[in-house]
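Asks: Got a predicted structure plus its sequence, pasted below:
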Amino acid sequence: QVQLVESGEGLVQAGGSLRLSCAASGLTFSFSNYIMRWYRQAPGRERELVAAIITTPDTADYVDSVKGRFTITRDKTKKTSALQMNSLKLEDTGVYYCNAVHSTIRDLDFWGKGTLVTVSS
């Protein structure tokens, strides 16, 4: 059974930092073959892709609103992905979801249950 478990939920003041982690288990095929993504969903808004890290070589991409503030990484040995969030803004508030999708077999698409990030003024 595939599981993606996020951690790092928290309440932080604007300008602060938070680090989210996602631990993957039970994936079919190597973790290295999966694109790892972080999405977020703010209250009353659609889920949006925030950051992604594609397979070898690891290359990261970000939505414009977080470029220069967020960093996505992966640890292939530990089968984890992390999202380091710095200079947080009120608009970064939302539920953050970890997603793993196989780079060529797109039906292999898995989601975590989400973790809440709240940025206060």
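Replies: Okay, I see it.
Asks: alpha carbons only for contacts and neighbour counts from here, please
Replies: Will do.
Asks: Identify the residue nearest the residue nearest to the spatial centre of the chain in space, chain neighbours excluded?
Replies: What sits nearest the mean C-alpha location of the chain, by CA atoms, centre = their mean, is W38, with 2.6 Å. With CA to CA, 6 or more residues apart in numbering as the measure, C98 is the residue that lies nearest to W38, at 4.8 Å, once sequence neighbours are left out.
Asks: chain center to the helix or strand where the one you found lies: distance?
Replies: Using DSSP states H and E, C98 falls within strand 94-102. Distance of strand 94-102 from the chain centroid (CA atoms, centre = their mean, to the nearest Å) equals 5 Å.
Asks: Neighbouring strands of it in the sheet, and parallel or not?
Replies: Partners of strand 94-102 in the sheet, by DSSP bridges, are strand 34-41 (antiparallel), strand 109-111 (antiparallel), strand 115-120 (antiparallel).
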